[in-house]
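Colleague: Fold the following for me, if possible:
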Amino acid sequence: MLGNDGIRMQPRLIKKIGSQDVPIQPGKKIVSAETAHQVCEAMEAVIESDAGTGKSLRIPGYRMGGKTGTAEKVGSKDGGYVSNFIGFVPAEKPKAVIMVMVNNPKKKGYYGAVVAGPAFKAVAESVIRRMNIPANGSFDIKSKR
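Modeller: Next up, the predicted model:
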């Protein structure tokens, strides 16, 4: 929805039935295009800015956006954390959204970028290859504002 100018598309599970395409249903505007662009720009800064928590997840030649997440479990007798990273590639006109969630991480701490981030990066690299997504270059996040 954010990478689609604020329009939430109706999900579909089947692309074709036999040789007949299943039509894409019209989407519904959830947020303004301006708001969607602002959120995407902030998510891009998570990876592209040197101050971003996901700066270690950069893939040379590709601009991406993402958001880290870390939650402490409360009310559980064992406690623990849930760590996640959600992101999209490429930053402009995203072709894929990837979410990685790790329940009760055991090694390397528990922050989303550290625990789930490397898996996000590996999946993003695979998606880039599989979908033949062309490089779109990196940029200085400060020059975009």
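
Colleague: So which residue is smack in the middle of this protein?
Modeller: residue 87 (1.0 Å; Cα atoms, centre = their mean).

Colleague: Checking residue 13 next. Helix, strand or coil?
Modeller: Here residue 13 is coil, with the state taken from DSSP: H, G, I helix; E, B strand; the rest coil.

Colleague: Show me which residues of the helix ranked longest in the chain are buried.
Modeller: Longest helix of the chain, by residue count under DSSP state H: helix 33-48. By neighbour count on 16 or more other Cβ atoms under 10 Å, the buried set for helix 33-48 is 36, 39-40, 43-48. Yep, even glycine has a C-beta here, placed from its N, CA and C like the rest.

Colleague: and the gap between the residue nearest to residue 111 when sequence neighbours are not counted and residue 46?
Modeller: Once flanking residues are discounted, residue 111 sits nearest to residue 70: 5.2 Å by Cβ to Cβ, 6 or more residues apart in numbering. Using Cβ to Cβ, to the nearest Å, we find residue 70 at a distance of 13 Å from residue 46.

Colleague: ok, back up a step: mind giving me the packing neighbours of whatever helix or strand the residue nearest to residue 111 lives in?
Modeller: In the assignment (DSSP states H and E), residue 70 maps to strand 65-72. With contacts defined as 3 or more Cβ pairs under 8 Å, 6 or more residues apart in numbering; DSSP states H and E, the packing partners of strand 65-72 are helix 33-48, strand 81-89, helix 112-115.

Colleague: partner residues bridging the residue nearest to the centre of the chain?
Modeller: Bridge pairing for residue 87 (DSSP bridges) gives the partners residue 66, residue 98.
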